[in-house]
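Novice: requesting a structural model of the entry that follows:
(one chain, ligands or ions: 1)
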Amino acid sequence: MRGTTVITGADGYLGRRLAAALLTDGDDDLVLAVRAADGAELAAKQQRLDQLLGPQARDRTRVVAADLSRDDALADVDPRAVTRIVHAAAVTRFNVERDLARRVNVNGTARLRAFATRCENLQRLAMLSTLYAAGRRHGDVLEERFDDVGFVNHYEWSKWAAEEEVLDAAGDLPVSVLRLPTLIADDDSGQVTQYNAFHNTLKLFYYGLLSLLPGDGTTPLSLATAAFTTSAVTRLLDPAIASGIYHICPDPADTATLEELIDISFTVFERDPGFQRRGLMRPLPCDQDSFEDLLSAADLLRGGPINQSLSSVSPFAHQLYLPKTFRNDALRAAWPGYAAPDPIALAETTCIRLIETKWGRRTQETP
Ligand SMILES: NC(=O)c1ccc[n+]([C@@H]2O[C@H](COP(=O)([O-])OP(=O)(O)OC[C@H]3O[C@@H](n4cnc5c(N)ncnc54)[C@H](OP(=O)(O)O)[C@@H]3O)[C@@H](O)[C@H]2O)c1
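Specialist: From the prediction side, this is the model:
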């Protein structure tokens, strides 16, 4: 019998790629759960997913409204039909307010878990989390349940708390927590359709709006592409693979440091005539206190472009002072021969595309 996979956040950056991959590589029917305030928003999201997934998807997909901050989320889905759930929905801004993060990321996950307990044929509940659910710990980080050691922003805290919601049910449900690294490009071409703190920080450097480099240069930064992540998640959804906690990231030995990533980024920038004309120096590393001073000064420029840009960088910058090595032994055991993107080559192609598109201002195709 054909299974049914529910994807929450199915119109998000990863959700829509996972839907496309499961349509191509599997034969499950898909329930694409999206946040929609009303019928008009649901219809618009349905139309967009139709365009992205193609007309052949219509036979195997159903788009449903499911706002996970509401108690009636997933009321339209028959739990008996559901065999797998991929939980990709979340508010993903690093500067998300604590209350919103609690309502959607934590309580929304608790609602999904409650729904999962009613799915009598469930073979996998996979929650997409982040490596930074590790919070303020440093050193080796294993694929295991984390204690609360404090967090640098509410997003991290909420993903940790959401993990706790599903892991509490691991004795009764086939639960996997898939912790993802920072995705900096769609694929090895370096094309970017989702911008985050990585891109925003480089933009500040490129335009000369930031001359200090926050962080300890030796901090490893785990980076990957949406294509790599999608392959890993679809593989780990296979019920034949053990449920559990997985770090979907490159091997520790293949992870670049902050220093190496800045070096390759400026090597690319310095080849660009526009950057050359500005005659900018490479940024000076700064300690955490100096960076805090910069943030306080920028706060006084409320509303200005520097403050706006810094506000997307600052909620994450503190992590750059907490070097961590993410172990991925469980992933490697489950996926022998897997190949994560080379971080330096990926950073290089991504920087080239960022300059070409002026950080998305010159439009490119959005998958
Ligand atoms: N992309 C990364 O670099 C990365 C790294 C680490 C972990 N992750 C994790 O991977 C997952 C997917 O990330 P993504 O990059 O695809 O994020 P995304 O593009 O921001 O998508 C998030 C999805 O969640 C939906 N959502 C937000 N609030 C909701 C609510 N109240 N009820 C139901 N759905 C809601 C969004 O819908 P609206 O747009 O309509 O609000 C959107 O479809 C997330 O759990 C994220 O924490 C991503």
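Novice: which residues of this protein lie near the ligand?
Specialist: When proximity is defined by C-beta under 6 Å from any ligand atom, the chain lies next to the ligand at 8-9, 11-15, 35, 66-69, 88-92, 104, 108, 128, 130, 159, 180, 182-183, 194, 196. C-beta here means a position set from N, CA and C on the backbone, and glycine is covered the same way.
Novice: in the chain, which spans are helices?
Specialist: For the chain, the helices defined by DSSP state H cover 13-25, 39-53, 98-100, 107-117, 154-167, 197-206, 226-236, 258-269, 273-278, 288-299, 305-317, 329-334, 343-357.
Novice: out of those, which one sits most buried?
Specialist: helix 154-167 (a mean of 23; mean count of other C-beta atoms under 10 Å).
Novice: now do it: everything it contacts.
Specialist: By C-beta atoms under 8 Å, 6 or more residues apart in numbering, the residues outside helix 154-167 that reach it are 87, 90-98, 101-102, 104-106, 108-110, 113, 125, 127, 129-130, 132-133, 135, 145-146, 148, 151, 173, 175, 177, 245, 315.
Novice: that one to helix 107-117, inter-axis angle?
Specialist: Comparing the axes of helix 154-167 and helix 107-117 via axes from the mean of the first three to the mean of the last three C-alpha atoms, to 10 degrees yields an angle of 20 degrees.
Novice: returning to that earlier point: now which of the contacts of helix 154-167 would you call buried?
Specialist: 87, 90-92, 94, 96, 101-102, 104-106, 108-110, 113, 125, 127, 129-130, 132-133, 135, 146, 151, 173, 175, 177, 245, 315 (16 or more other C-beta atoms under 10 Å).
Novice: surely K324 touches P220?
Specialist: Yes - K324 sits in contact with P220 when judged by C-beta atoms under 8 Å, with a separation of 6.9 Å.
Novice: got the domain ranges for this protein?
Specialist: 4-181+223-251, 185-220+255-323+341-357 (automatic domain parsing).
Novice: and the residue of the chain that's closest to the ligand?
Specialist: Relative to the ligand, the nearest point of the chain is G12 (2.2 Å; C-beta to the nearest ligand atom).
Novice: who's in contact with the residue nearest to that residue when sequence neighbours are not counted?
Specialist: With C-beta to C-beta, 6 or more residues apart in numbering as the criterion, G12 has its nearest non-adjacent residue at 5.8 Å, and that residue is A88. Each residue near A88 by C-beta under 8 Å, 6+ apart is listed here: 7-10, 12, 14-15, 18, 128.
Novice: for the residues you listed, work out which two are farthest apart.
Specialist: In these, the most distant members under the criterion C-beta to C-beta are A10 and L128, with 12.1 Å between them.
Novice: pLDDT-wise, which helix or strand of this structure ranks last?
Specialist: Least confident helix or strand of the chain, by mean pLDDT, DSSP states H and E, is helix 305-317 with a mean of 76.
Novice: out of the helices of the chain, which gets nearest to P79?
Specialist: Proximity of the helices of the chain to P79 was assessed by C-beta to C-beta; the nearest stretch is helix 107-117, lying at 6.5 Å.
Novice: can you name every helix or strand that the closest one contacts?
Specialist: When contacts are defined as 3 or more C-beta pairs under 8 Å, 6 or more residues apart in numbering; DSSP states H and E, helix 107-117 packs onto strand 84-87, strand 124-130, helix 154-167.
Novice: okay if I get those as a markdown table plus mean pLDDT?
Specialist: A markdown table is the format used below for the helices and strands packed on helix 107-117 (pLDDT from 0 to 100):
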| stretch | mean pLDDT |
| --- | --- |
| strand 84-87 | 98 |
| strand 124-130 | 98 |
| helix 154-167 | 98 |
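Novice: about what we covered before: measure the residue of the chain closest to the ligand to S69 for me?
Specialist: G12 sits 15 Å away from S69, going by C-beta to C-beta, to the nearest Å.
Novice: those two: which has the busier surroundings?
Specialist: Here G12 and S69 are set side by side on neighbour count (other C-beta atoms under 10 Å), and the busier one is G12, at 19 against 16.
Novice: so who does that one touch?
Specialist: When contacts are counted by C-beta under 8 Å, 6+ apart, G12 touches 88-89, 92.
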